[in-house]
Structures are given as structure tokens and as C-alpha cells.
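Peer 1: Let me see the structure of the following:
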Amino acid sequence: MASAKRDIRTLIDSLSEDLLLIARDVVEAHVARAVSEWQAKNEKVLLRKSAEDERARRNQQALERIERVAARRREREEKKAAANALRMEQRALTSTPTAKKPRVRRGLLADGTEATAVKKEPTPPPLFVHKRRRDGEIEQLKRDDVAPAVVPAAASTVVEAAV
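Peer 2: Residues are numbered from 1 along each chain as shown. Take a look at the predicted model:
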């Protein structure tokens, strides 16, 4: 009986070792599957996080670029303002206040000192009457200085014919 107990114990021991091996294989398979699922989930999360980090980095670069452009623009404007101020100072220093000749006013605003001495006699308005010759050529009539109010009868007929 001792040999039967020994044989049963060896069988039980071998079965338990086999069960342990099977359980170990099953557990390893479950662990491997869980690890791969965890990696897949984390990969998505990591990809999302890396994409967000990339967007944030691009936005930060864009902001820095805008700030650099604004700083350059401010520097250019300051240089322009300084150059303009320097130019104005140089003009102020180089131009001495000299007495300018007053402008001669003409027309209604004339004060009557120099403008009245220079006045000319008014010229009569030009004639807009034309005389047509028989060959078709147009001759402009000239005003007689003797009597501008008296219009010859032939000229009046020409005026009526022209109208």
C-alpha cells in the first residue's frame, strides 16, 4: 500500500505540475494580451499627446515669429522717426530766418498799393462771329476800335445767318 500511496502521490504531483504549467501558460497569454491592449491604448493616447504637443509647438513658433516681426517694425518706425527728427533739426539749424518778399496779391484781395499801378486797360471780349467766303473758307471778323457799339448791317446779317 505504501507503493500505491507513493504512486498516487507522484501522479498527483505530476498532475499538479502540469496544471501549474498550463495555468502559467494561460496567465502568460492573458498578460501578453493585456500588455498589448495597454500598449495600443497608450499608443493612441501618446499619439494624441504628441499631436497636441506638435500643435502647441507650432503655435508657439508662430507667436514668436509674429513678435519678431512686430519688434522689427517698431525698430524701423523708431529709426524713421529719429531720422525725421534729425532732418527737421538740421533744417532748422541751416535755414536762417530771412525776410521774404511779400507776395503781390491780385484780384479782389489786392490792397491797392502795387497792384493798381500795374493794372492794364480791360480788353474787349473777342468776337465769336465768323464770315464764310464763297469758297467755303471761314474768316474771323475783327472788332473795329472806333465804335464798338455800332455794328455794321452786313455783320448783323452774318450773325443771324450763323445762328
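Peer 1: now the helices: where do they sit in this protein?
Peer 2: Assigned by DSSP state H, the helices in the chain fall at 2-94, 115-118, 153-162.
Peer 1: Now do the longest one, average pLDDT.
Peer 2: Averaged over helix 2-94, pLDDT sits at 91.
Peer 1: coming back round to it: which one of the helices of the chain lies closest to Arg103?
Peer 2: helix 115-118 (11.1 Å; Cβ to Cβ). Quick note: C-beta positions are derived from backbone N, CA and C, even for glycine.
Peer 1: ok now stretch 21-41, how far from the chain's centre?
Peer 2: A distance of 62 Å separates the centroid of the chain from that of stretch 21-41, by Cα atoms, centre = their mean, to the nearest Å.
Peer 1: what comes up buried for that stretch?
Peer 2: Residues of stretch 21-41 include none that count as buried (16 or more other Cβ atoms under 10 Å).
Peer 1: Number the chain from 37, please
Peer 2: Right, with 37 as the first residue, what we last looked at is stretch 57-77.
Peer 1: Can I get that stretch in PDB? Just the C-alpha atoms.
Peer 2: Output of stretch 57-77 as PDB, limited to C-alpha atoms (Å, rounded to 0.1, in the frame of the first residue of the first chain):
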ATOM      1  CA  LEU A  57       2.400  24.800 -16.300                       C
ATOM      2  CA  ILE A  58      -1.000  25.100 -18.000                       C
ATOM      3  CA  ALA A  59      -2.000  27.900 -15.600                       C
ATOM      4  CA  ARG A  60       1.300  29.600 -16.100                       C
ATOM      5  CA  ASP A  61       0.800  29.500 -20.000                       C
ATOM      6  CA  VAL A  62      -2.800  30.800 -19.600                       C
ATOM      7  CA  VAL A  63      -1.700  33.600 -17.300                       C
ATOM      8  CA  GLU A  64       1.200  34.500 -19.600                       C
ATOM      9  CA  ALA A  65      -1.200  34.600 -22.600                       C
ATOM     10  CA  HIS A  66      -3.600  36.800 -20.700                       C
ATOM     11  CA  VAL A  67      -0.800  39.000 -19.500                       C
ATOM     12  CA  ALA A  68       0.600  39.300 -23.100                       C
ATOM     13  CA  ARG A  69      -2.900  40.200 -24.400                       C
ATOM     14  CA  ALA A  70      -3.400  42.800 -21.600                       C
ATOM     15  CA  VAL A  71       0.000  44.300 -22.200                       C
ATOM     16  CA  SER A  72      -0.700  44.600 -26.000                       C
ATOM     17  CA  GLU A  73      -4.100  46.200 -25.300                       C
ATOM     18  CA  TRP A  74      -2.500  48.600 -22.800                       C
ATOM     19  CA  GLN A  75       0.200  49.500 -25.400                       C
ATOM     20  CA  ALA A  76      -2.400  50.100 -28.100                       C
ATOM     21  CA  LYS A  77      -4.400  52.300 -25.700                       C
END
